[in-house]
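Trainee: Show me how the following folds:
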Amino acid sequence: MAVHRGRVTDTRRTDVVLLLVALVWGSSYLSAQTAAAALPVLTVLFARYALAALVCLGMVAALRSGWSRDEVRAGLPLGLTQAAVLVVETYGVAHTTAANAGLIISLAIVLTPLLDRAGHPGGLPASFYAAAGLCVPAVALLMSGNGFHAPRLGDLLMLGAAGVRAGHVALVGRITARRTVRPVHLTAVQTLVGTALFLPLSAGGLPDLVRASGGTWGQLVYLALFCSVFAFLVQTWAVQRTSASRASLLLGTEPVWAAAVGVALAGERFTPLTALGAALMIAAGYRAQAVERAHRAARTAAEEGAARDRAVRRTAKARDRGSGCRGLSPGARPGTAPVPPVEEPTGRAAALPAARHPGAAARPSSADPTPGPVPDPVPGARTGPVPGVSTGV
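Mentor: Numbers count the residues shown, from 1 in each chain. Below is the predicted model of the structure:
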C-alpha cells in the first residue's frame, strides 16, 4: 500500500512539473511582447541568447566534460533553425496579442507530423488530416477579432513561425536520431550559435540594453533562464518519469496557458468569434495529437512484433539444423549418408579385435571360454565425438 501511494505521489509530482513547464512556455509570449515593446527585437533576442549561453556554459563546466563531434555537428544547424523560429515568433508577438500568439503557434503540433516523414513512413491516417483541417477555420476565427477582415501582420508572422517551428522540430528528430548527444551540451551549442548570430545584428541597440529598466531586464532573465534553460531541463527530467503520451498531453496545454496569461495579466479580451477559434484550435490540436500517438504506437508495436517473428524463425532454423546432425556417427558430416549401425558380433567373431571400430574393445563370448587379449586402439584414432559436429545434446 505504501509503495502504491509513493508511485501515485511521484506521478502527481511529475504531472505538476510538466504543467509548470507548459505554464512557463505559455507565459513566454507576454514576456517577449513586453520586452520587445521596450527594446528592438534583435536586441531582445541577443540578450536572451547571451544569458542562456552563460548559464549553459556554467553547467557544462560543472559537468567537466567537453563537447563531442556529434553534439557540435548537430548543434550548429539546429542553432540556426532555432534562431529563425525565435526571430519570426518574437516579431509576430510584437504585433499581435499574447493569447493569439500562443494559440496560433500551437499549429506546429499539427504541422510537425506532416513534415516528419521519417517518423511516419507509411503516412498518417485520414482522421489526422480531418483534425488538422479544423485548424484552418480556427486560425481564421482567431484572426477575425470583432469581425472578418484582413489578417494582422502579427497573426501572419505567428502562422509562419508555426511552420518554421514544425520544420525545426522535425529536423531535430532527423539530426539527432543516429547521434549520441547530451541535452545540456546540445543546448549550449545552440545558444552560442544564436549569441554569435545576433550580436552583430543588435549592435545598434546595445546602448538601449545597457540603459534598460529593471523590469525589462527581469523579462529578459525570465525568457533566458526560465523559458529556455529551466523549462528544457525540467522537461527532460519529467519526460523520463512518465509516458510520452501523458507528457505530450500535459505539455499540449501551452496554448491554454498563453490565453489565460494574456487575459489575466495583459487585460486581453476574447470576442465570441476569437473564443470559438481558440476552443476549436485547442480541440483540433488535442485530437490530432491523440491520432498521431495512436498511429505511432501501433506502428511501433507492429515493428516489434515483426522483429520477434524474425527472431523465432531464426531460432527454429537453427534448431532444425541442429536436429539434422543428431544421430551422426563421429567423423560424419551433415548432408552425407549416415553410417549403418554395426551388429553386435557373436560366437568366435567376438574374440577378434574390432579393427573397423577404432577404440572399441573385443568382448569375450560364452561360446569361446578362452578369450583373446584386449587390443590397444589403433594409433591416432579418435575415441570421442568429432569437434564441430552436433551430437544431439
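
Trainee: all helices in the stretch 101-250 of the chain, in order from the N-terminus.
Mentor: 108-115, 126-144, 153-176, 183-201, 206-210, 214-221, 231-239, 244-251 (DSSP state H, counting those that start in this stretch).

Trainee: Out of these, flag the one nearest L273.
Mentor: Comparison of those against L273 by C-beta to C-beta identifies helix 126-144 as nearest, at 4.7 Å. No exception for glycine: its C-beta is placed from N, CA and C like everyone else's.

Trainee: I'd like the average pLDDT over that closest one.
Mentor: For helix 126-144, mean pLDDT rounds to 85.

Trainee: okay, the angle between it and helix 153-176?
Mentor: 150 degrees (axes from the mean of the first three to the mean of the last three C-alpha atoms, to 10 degrees).

Trainee: Using PDB, write down the CA coordinates of helix 126-144.
Mentor: Presented in PDB, the C-alpha positions along helix 126-144 are these (Å, rounded to 0.1, in the frame of the first residue of the first chain):
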ATOM      1  CA  ALA A 126      -7.300  10.100 -42.600                       C
ATOM      2  CA  SER A 127      -8.600  11.100 -39.100                       C
ATOM      3  CA  PHE A 128      -5.400  13.100 -38.500                       C
ATOM      4  CA  TYR A 129      -5.900  15.100 -41.700                       C
ATOM      5  CA  ALA A 130      -9.500  15.700 -40.600                       C
ATOM      6  CA  ALA A 131      -8.300  17.100 -37.300                       C
ATOM      7  CA  ALA A 132      -5.600  19.200 -39.000                       C
ATOM      8  CA  GLY A 133      -8.200  20.600 -41.300                       C
ATOM      9  CA  LEU A 134     -10.200  22.000 -38.400                       C
ATOM     10  CA  CYS A 135      -7.200  24.200 -37.600                       C
ATOM     11  CA  VAL A 136      -7.800  26.300 -40.800                       C
ATOM     12  CA  PRO A 137     -11.100  27.800 -39.700                       C
ATOM     13  CA  ALA A 138      -9.700  28.000 -36.100                       C
ATOM     14  CA  VAL A 139      -6.900  30.300 -37.300                       C
ATOM     15  CA  ALA A 140      -9.300  32.300 -39.400                       C
ATOM     16  CA  LEU A 141     -11.600  32.900 -36.400                       C
ATOM     17  CA  LEU A 142      -8.600  33.900 -34.200                       C
ATOM     18  CA  MET A 143      -7.500  36.400 -36.800                       C
ATOM     19  CA  SER A 144     -11.000  37.800 -37.200                       C
END
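
Trainee: what's it in contact with?
Mentor: Around helix 126-144, the neighbours that count as contacts under C-beta atoms under 8 Å, 6 or more residues apart in numbering are 100, 103-104, 107, 110, 113-114, 148, 151-152, 155, 159, 271, 273-274, 276-278, 280-281, 283-285, 287-288, 291-292, 295.

Trainee: buried residues in that helix?
Mentor: Neighbour-count burial for helix 126-144, counted by 16 or more other C-beta atoms under 10 Å, picks out 128, 131-132, 134-135, 138-139, 141-144.

Trainee: now do stretch 156-164
Mentor: 156-164.

Trainee: Dump those residues to CSV, plus pLDDT and distance to R299.
Mentor: Listed next are those as CSV, based on pLDDT from 0 to 100; distance: C-beta to C-beta, whole Å:
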residue, pLDDT, distance to R299
L156, 92, 35
L157, 95, 35
M158, 93, 32
L159, 92, 30
G160, 94, 31
A161, 93, 29
A162, 92, 25
G163, 92, 25
V164, 93, 27
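
Trainee: which two from these end up farthest apart in space?
Mentor: Farthest pair in the buried residues of stretch 156-164, by C-beta to C-beta: L156 and V164, 12.8 Å.

Trainee: about what we covered before: L51: which of the helices of the stretch 101-250 of the chain is closest?
Mentor: Closest among those, once you apply C-beta to C-beta, is helix 214-221, at 6.4 Å.

Trainee: Packing partners of that closest one?
Mentor: helix 2-38, helix 41-63 (3 or more C-beta pairs under 8 Å, 6 or more residues apart in numbering; DSSP states H and E).

Trainee: Give me whichever of these is most buried.
Mentor: Most buried of the helices and strands packed on helix 214-221, by mean neighbour count (mean count of other C-beta atoms under 10 Å): helix 41-63, with a mean of 20.

Trainee: Send me that one as PDB with only the CA atoms.
Mentor: The C-alpha atoms that make up helix 41-63 are tabulated as PDB, following Å, rounded to 0.1, in the frame of the first residue of the first chain:
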ATOM      1  CA  VAL A  41      13.500  42.700 -31.300                       C
ATOM      2  CA  LEU A  42      17.100  41.700 -32.300                       C
ATOM      3  CA  THR A  43      18.400  43.200 -29.100                       C
ATOM      4  CA  VAL A  44      15.900  41.200 -27.100                       C
ATOM      5  CA  LEU A  45      17.000  38.000 -28.900                       C
ATOM      6  CA  PHE A  46      20.700  38.700 -28.300                       C
ATOM      7  CA  ALA A  47      20.200  39.300 -24.600                       C
ATOM      8  CA  ARG A  48      18.100  36.200 -24.300                       C
ATOM      9  CA  TYR A  49      20.600  34.000 -26.100                       C
ATOM     10  CA  ALA A  50      23.600  35.500 -24.300                       C
ATOM     11  CA  LEU A  51      22.200  35.000 -20.800                       C
ATOM     12  CA  ALA A  52      21.100  31.400 -21.600                       C
ATOM     13  CA  ALA A  53      24.600  30.700 -23.100                       C
ATOM     14  CA  LEU A  54      26.300  31.900 -19.900                       C
ATOM     15  CA  VAL A  55      24.200  29.500 -17.800                       C
ATOM     16  CA  CYS A  56      24.700  26.600 -20.200                       C
ATOM     17  CA  LEU A  57      28.400  27.100 -20.300                       C
ATOM     18  CA  GLY A  58      28.500  27.100 -16.500                       C
ATOM     19  CA  MET A  59      26.600  23.800 -16.400                       C
ATOM     20  CA  VAL A  60      28.900  22.200 -19.000                       C
ATOM     21  CA  ALA A  61      31.900  23.400 -16.900                       C
ATOM     22  CA  ALA A  62      30.400  21.900 -13.800                       C
ATOM     23  CA  LEU A  63      29.900  18.600 -15.600                       C
END
